[in-house]
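Undergrad: Any chance you could fold what I've pasted below:
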Amino acid sequence: QVQLVESGGGLVQAGGSLRLSCAASGRTFSNYVMGWFRQAPGKEREFVAAINWSSSTYYADAVKGRFTISRDNAKNTVSLQMNSLKPEDTAVYYCARKGVSGSAYYLTSYHYWGQGTQVTVSS
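TA: Predicted coordinates for the structure are as follows:
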């Protein structure tokens, strides 16, 4: 059974930084694309970033240039460094593991999800 546990959320002022981490169980972590999604109140969950087994990365336009996704296959972790945060980045952030098919950008491609961690950016 795959378990994903996020950490690192919190309250930060606009322009600040936060680093989210996700610890994954399972021996085949390195085989899978890992992604970060977010969901703001009253809005649908949306793609933020993803990283594949060779560390190729994918970003939503809204975070490109400000967020960086990375992974450590030896530690079964994936991280999201968030810089220059804006109030519109406020959301619950979820770590997810993608299945074997489907686009890395699509929510439906991911089969395992963490419980989420709250990020709040004050203006």
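
Undergrad: CA only for contacts and neighbour counts going forward, please
TA: Fine.

Undergrad: Do I have it right that residue 53 meets residue 32?
TA: Yes - between residue 53 and residue 32 there is a contact under Cα atoms under 8 Å: 6.0 Å.

Undergrad: which residue packs closest to residue 79, ignoring adjacent ones?
TA: Using Cα to Cα, 6 or more residues apart in numbering and skipping residues adjacent in sequence, the residue nearest residue 79 is residue 21, 4.4 Å away.

Undergrad: do the same with residue 12
TA: Using Cα to Cα, 6+ apart, the nearest residue to residue 12 is residue 121, at 5.0 Å.

Undergrad: pretty sure that neighbour contacts residue 92?
TA: No - Residue 121 sits out of contact with residue 92 when judged by Cα under 8 Å, with a separation of 11.5 Å.

Undergrad: Pick out whichever of those two has more residues nearby.
TA: residue 121 (21 against 18; other Cα atoms under 10 Å).

Undergrad: Good, wrapping up.
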